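Trainee: The amino acid sequence is not available; the structure is as follows:
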């Protein structure tokens with residue numbers, strides 16, 4: 001793959017549905033947006049391994065922020081590291097776009113300028129990380145700060161643990177939190193916050209639709225240590241199940257609800273295989289939550305599931321297909337009226353997974 005570009009506005013009202021074959025992105029778990037992007041093991045993705053078919057990879061991101069009418073661009077290029085299968089950052093630019101671009105940051109080999117002035121860090125910056133991800137500075141322009149703030153808030157959910165030893169099943173300190181962390185393990189605290197601050201009806205409706213025979217309500221009862229234990233109350237008996245006793249599928253569904261239902265989402269939500277561990281009947285509920293969330297933020301879902309694609313019904317998302325062409329991976333995106341035209345005679349899953357989408361794009 002020799003190029004990759006992504007653009008977004010602050011309030012992007014669409015869902016990107018991605019079928020991955022190879023992928024990379026920003027690591028949200030260390031709160032940096034580093035080219036651990038070229039993900040670190042801690043984030044769950046393997047690190048990018050460089051092949052022989054591309055001399056460089058260039059990334060272009062454009063942002064519109066709520067505090068500035070101008071768009072800010074972050075452009076950087078990776079090339080192979082010497083004597084390594086890894087990479088290094090060859091160049092990087094942060095600029096305000098306009099009739100005359102204003103460069104806020106420019107990095108070249110052995111050279112770094114900030115606001116047009118040469119800058120020497122106290123310690124050398126790692127070659128495999130962007131300056132934006134590594135450098136904390138009193139930026140002269142608020143746009144650079146806005147860019148860092150945006151990237152650090154992007155949240156990518158993958159390999160969410162719901163096993164019997166997962167933290168999400170344990171009693172947890174009852175402080176208020178409105179966003180699910182990248183690990184997902186604070187979801188109970190988020191659910192409690194949402195449940196007590198105007199989202200009870202939405203959460204109850206989703207849970208009742210998913211578990212029509214035995215869902216009553218969520219109960220958050222403090223214990224002696226002033227922690228909170230999530231409880232699913234049953235309609236048919238007085239028995240209530242603690243988070244430790246719920247099935248993996250129930251915990252997974254609660255996680256998806258907590259991630260997508262929050263009125264205060266991160267500027268980008270990406271969920272890898274949201275259908276994992278869920279009954280097919282729950283997928284339209286996840287699709288509805290994602291569509292509603294896409295009004296508040298940008299939502300990207302990565303899936304191999306035909307059932308997940310078809311769960312959107314008439315609310316067709318934009319779809320991005322990753323295709324290996326022999327020497328590189330190409331990203332092909334389709335959405336809106338063009339996608340409606342092609343899916344008039346096909347289901348969305350058939351159009352995507354039959355190879356028809358890659359052939360016509």
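Mentor: Looks like it arrived, so ask away. Everything quoted here is computed from the prediction, not taken from an experiment.
Trainee: where along the stretch 151-300 of the chain do the strands fall?
Mentor: 155-157, 172-173, 218-222, 227-233, 240-242, 268-272, 298-302 (DSSP state E, counting those that start in this stretch).
Trainee: can you count the residues close to the closest residue to residue 361 other than its chain neighbours?
Mentor: Counting by Cβ to Cβ, 6 or more residues apart in numbering, residue 332 is the residue found nearest to residue 361 once chain neighbours are left out, at 3.9 Å. Every residue, glycine included, has its C-beta placed from N, CA and C. Residue 332: 14 surrounding residues under other Cβ atoms under 10 Å.
Trainee: I'd like the distance from the helix or strand hosting residue 332 to the chain centre, please.
Mentor: Element membership for residue 332, per DSSP states H and E: strand 329-334. With Cα atoms, centre = their mean, to the nearest Å as the basis, strand 329-334 stands 18 Å off its chain's centre.
Trainee: what do you get for stretch 136-153?
Mentor: Worked out by Cα atoms, centre = their mean, stretch 136-153 lies 19 Å from the chain centre.
Trainee: Can you tell me which residue is spatially central in this protein?
Mentor: residue 270 (2.2 Å; Cα atoms, centre = their mean).
Trainee: Show me what it bridges to in the sheet.
Mentor: Taking DSSP bridges as the rule, residue 270 bridges to residue 156, residue 300.
Trainee: What segments of the chain are helices?
Mentor: 131-134, 142-153, 187-195, 200-210, 248-261, 283-293, 306-310, 336-342, 348-353, 356-360 (DSSP state H).
Trainee: want to throw those helices into CSV with mean neighbour count?
Mentor: Supplementary listing: those in CSV, determined by neighbours: other Cβ atoms under 10 Å:
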stretch, mean neighbour count
helix 131-134, 21
helix 142-153, 19
helix 187-195, 24
helix 200-210, 16
helix 248-261, 23
helix 283-293, 20
helix 306-310, 20
helix 336-342, 13
helix 348-353, 20
helix 356-360, 15
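Trainee: Of all these, which one is nearest residue 88?
Mentor: Closest of those to residue 88 is helix 131-134, at 12.9 Å (criterion: Cβ to Cβ).
Trainee: The closest one - what's its average pLDDT?
Mentor: For helix 131-134, mean pLDDT rounds to 86.
Trainee: Can you pull out the low-pLDDT segments for the stretch 1-150 of the chain?
Mentor: 1-53, 65-68, 137-138 (pLDDT under 70).
Trainee: Apply 90 and report the result again.
Mentor: 1-72, 78-88, 96-102, 109-110, 115-116, 120-130, 132-150 (pLDDT under 90).
Trainee: For it, which segments count as strands?
Mentor: Using DSSP E, counting those that start in this stretch, strands in the stretch 1-150 of the chain cover 3-7, 15-19, 57-64, 71-80, 87-96, 102-108, 111-114, 117-118.
Trainee: tell me the most buried of the ones you listed?
Mentor: Mean neighbour count (mean count of other Cβ atoms under 10 Å) peaks for strand 15-19 among the strands of the stretch 1-150 of the chain, with a mean of 22.
Trainee: Touching, residue 155 and residue 272? I think so.
Mentor: No - look at residue 155 against residue 272 with Cβ atoms under 8 Å: they stay out of range, at 11.8 Å.
Trainee: what packs against the strand holding residue 332?
Mentor: strand 318-324, helix 356-360 (3 or more Cβ pairs under 8 Å, 6 or more residues apart in numbering; DSSP states H and E).
Trainee: Need the ones you listed in JSON lines (columns: distance to residue 310).
Mentor: Converted to JSON lines, those look like this (distance: least, Cβ to Cβ, whole Å):
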{"stretch": "strand 318-324", "distance to residue 310": "12"}
{"stretch": "helix 356-360", "distance to residue 310": "14"}
